[in-house]
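Here you go, sequence then predicted model.
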Amino acid sequence: MSKLMIALFVMAGLGLAGCATQKDTHVTAARPAAPVVPITKDAYDAAVRNADAQYKIDKDACASRSGNAKDICLAEASGRERVAKADAEAAYANTPKARESARVAKGEATYGVAKEKCDDLAGNAKDVCLKEADAALVKAKADAKVDRVAADTSQDAATKQADARTEANTAKRDAEYKVAIEKCDALAGSAKDSCVSTAKAQYGKS
């Protein structure tokens, strides 16, 4: 397996507890995503295939469990698969929206496991556990959206700056063209015609 694929699966495991910690009812919200390194279509396809293969391995490993322990194990396996695929999509698409979706996938995967762990509790303790899971998911989605909007805004600002520079350059060239034409007015006859033709050619005027 390439270093890239290994990295993707390491990323996929972030925020998810292992089967060995199934008794831990603490819910951790999805953490801010690290900068995503763009990948090729081939690398994306390989990551998806690896995620499918790893899910089968993880799912089979849950077979020996029973009751809620099995439910938790399956939720973890499903969550890891979903996160791995979302991370691959984020790296391949390399857009703020795709990165937001990957962070939401992490939050939802953590939420799915947390809900199953809450089933080990009863009464108010279970109710509190579920509310904490709900709150963590809401926060994860909100944080992901805020970061996406900030990224979108930055891109819009960069686009606007580029447009402004283009407009400024156009305005400058128009002004310079007018100066050149004005200078041509000091001439007459063929000299003036030649001057005007040269100015038009230089500034892209017809």
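Looks like it arrived, so ask away.

quick one: average pLDDT of stretch 131-147?
Per-residue pLDDT values over stretch 131-147 give a mean of 90.

What ranges does the chain have for its helices?
With DSSP state H as the criterion, the chain has helices at 3-13, 41-61, 67-93, 96-118, 123-184, 189-203.

Can you tell me how far residue 191 is from residue 199?
Separation of residue 191 from residue 199 (Cβ to Cβ, to the nearest Å): 13 Å. Just so you know, the C-beta spots here come from the backbone N, C-alpha and C atoms, and that holds for glycine as well.

higher neighbour count, those two?
residue 199 (19 against 11; other Cβ atoms under 10 Å).

Show me where this protein dips below the pLDDT cut-off.
Along the chain, segments meeting pLDDT under 70 span 1-36, 160-161.

Centre-most residue in it?
By Cα atoms, centre = their mean, the mean C-alpha position of the chain lies nearest to residue 99, the distance being 1.2 Å.

Wait, that one touches residue 149, no?
No: Residue 99 is beyond contact range of residue 149, at 11.8 Å (criterion: Cβ atoms under 8 Å).

Just give the nearest non-adjacent residue to residue 185, would you?
residue 192 (7.4 Å; Cβ to Cβ, 6 or more residues apart in numbering).

so what's the residue lying closest to residue 113 once chain neighbours are set aside up against?
Residue nearest to residue 113 in three dimensions, not counting chain neighbours: residue 75, with 4.7 Å by Cβ to Cβ, 6+ apart. By Cβ atoms under 8 Å, 6 or more residues apart in numbering, the contact set of residue 75 is 112, 113, 115, 116.
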